[in-house]
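no FASTA, just this:
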């Protein structure tokens, strides 16, 4: 549609709209001129980056790890896939609270596992309870996926909630894969969301996923990492050695500067997202039939639009298609996240585009 010259406001992007900070780009430029980066390097990641990740994890996740417990990957998505590949055998069940990011079920399936969707609702803040997890536990359950802050809902678990879930998982001999890619995009007094690995002090059965993509506006640089027991990391590293080999050296140098250099850009970006978050929630809350809770983290809102569904738009997917065709607004339907009746809107776009796009949506909603 854009190629045809149509004006479309997109709320679909799962990435910051800010450029990568200049100091990070400068570090990459310098690294590109270093001949050492023109050759293969260690499959597990540059030693200086892995050492820096040790310090970064201590500061923001409050977890003590060693370099041999870290594997640098081509983005957090590869870390997730390799975690499933290392831990799951065919038929193993994975508890996946819904709504959930679209990649998790595919990664589980590719590893031979079985996704067991565990429902949450807006009434409980889209946070899963121990009781609900217990209801879905079977002898085949192997792993729990824990995400805080969440994509698509922006839900953030308190330390007490995370501790209860972590202790339950440990008591039932389950692995936990905790995706902390949005950990620093939280709104309030905390610098980062509580890590389930830290609050339970359980590291022998936890794999922690993180990276620079979201907090540093570096989605295109493709640098993530997984942290876990040395044998799990070694298995994932063997997989990576045959799949991709080392992560791009220049991008690793940029990631090193991101996590060791000035953090002002993270604070500024979080402040801008906070303002947009409040604006979007305030505007959507004015629409009859739309229920929109204020998210505590990430950069998405996940409003309930079930009351708007009718003969013309029977599903949130068809509503999303209507918004695109009739209003020139792109959103992601809840069906993609295992939550029909909802839509996901990213507020990682300019203030002007945000207000223009939501105004278009409200106008269309008023005509439904």
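Right, received. Where do you want to start? On a predicted model such as this, the values are computed, not experimentally measured, just so you know.

ends of stretch 66-83, how far apart?
Stretch 66-83 has its terminal residues 18 Å apart, counting by Cα to Cα, to the nearest Å.

And the average pLDDT for it is what?
Mean per-residue pLDDT for stretch 66-83: 97.

you'd agree residue 165 is in a helix?
Yes - the assignment for residue 165 (DSSP: H, G, I helix; E, B strand; the rest coil) places it in a helix.

does it really touch residue 145, like I thought?
No - in this structure residue 165 lies outside contact range of residue 145 using Cβ atoms under 8 Å: 11.1 Å. Heads up, the C-betas are built off the backbone N, CA and C, glycines and all.

all helices for the stretch 1-150 of the chain, in order.
Using DSSP state H, counting those that start in this stretch, the helices of the stretch 1-150 of the chain run over residues 22-32, 47-60, 75-87, 103-110, 130-135.

and the ones you listed, which is most packed in?
Neighbour counts (mean count of other Cβ atoms under 10 Å) averaged over each of these peak at helix 75-87, with a mean of 24.

Could you point out the helix or strand that follows the helix or strand hosting residue 208?
Element membership of residue 208, judged by DSSP states H and E, is strand 206-211. Per DSSP H and E, strand 206-211 leads on to strand 224-227 as the next helix or strand towards the C-terminus.

my guess is residue 176 meets residue 166, correct?
Yes - between residue 176 and residue 166 there is a contact at 6.5 Å, judged by Cβ under 8 Å.

can you list residues touching both of the two?
Listed as contacting both residue 176 and residue 166 by Cβ atoms under 8 Å, 6 or more residues apart in numbering are 146, 196-197, 202, 206.

tell me the two of these that are most distant?
The span of the shared contacts of residue 176 and residue 166, defined through Cβ to Cβ, is set by 146 and 202 at 11.7 Å.

Just the helices from the stretch 251-368 of the chain, written as ranges.
264-284, 316-322, 351-367.

quick one: which of the ones you listed is nearest residue 109?
Nearest of these to residue 109, taken as Cβ to Cβ: helix 316-322 at 21.2 Å.

Touching that closest one from outside, list them.
For helix 316-322, contacts defined as Cβ under 8 Å, 6+ apart pick out 305-306, 308-309, 312-313, 330-335, 340-343, 364.

Narrow those residues to those that are buried.
The neighbour-count criterion (16 or more other Cβ atoms under 10 Å) marks 305-306, 308-309, 313, 330-335, 341-343, 364 among those as buried.

Identify, from these, the entry nearest to residue 251.
residue 332 (27.0 Å).

How about that closest one, nearest residue that isn't a chain neighbour?
Nearest residue to residue 332 in three dimensions, chain neighbours excluded: residue 344, at 4.4 Å (Cβ to Cβ, 6 or more residues apart in numbering).

do residue 157 as well
Distance criterion Cβ to Cβ, 6+ apart; nearest residue to residue 157, sequence neighbours excluded, is residue 148 at 4.3 Å.

thinking that neighbour is in contact with residue 190, fair?
No - using Cβ under 8 Å, residue 148 makes no contact with residue 190, being 11.6 Å away.

So between those two, which is more surrounded?
residue 148 (25 against 14; other Cβ atoms under 10 Å).

Look at the more buried one and report its pLDDT.
Each residue has a pLDDT score; the one for residue 148 is 97.

cool, and residue 288?
Per-residue confidence (pLDDT) for residue 288: 88.
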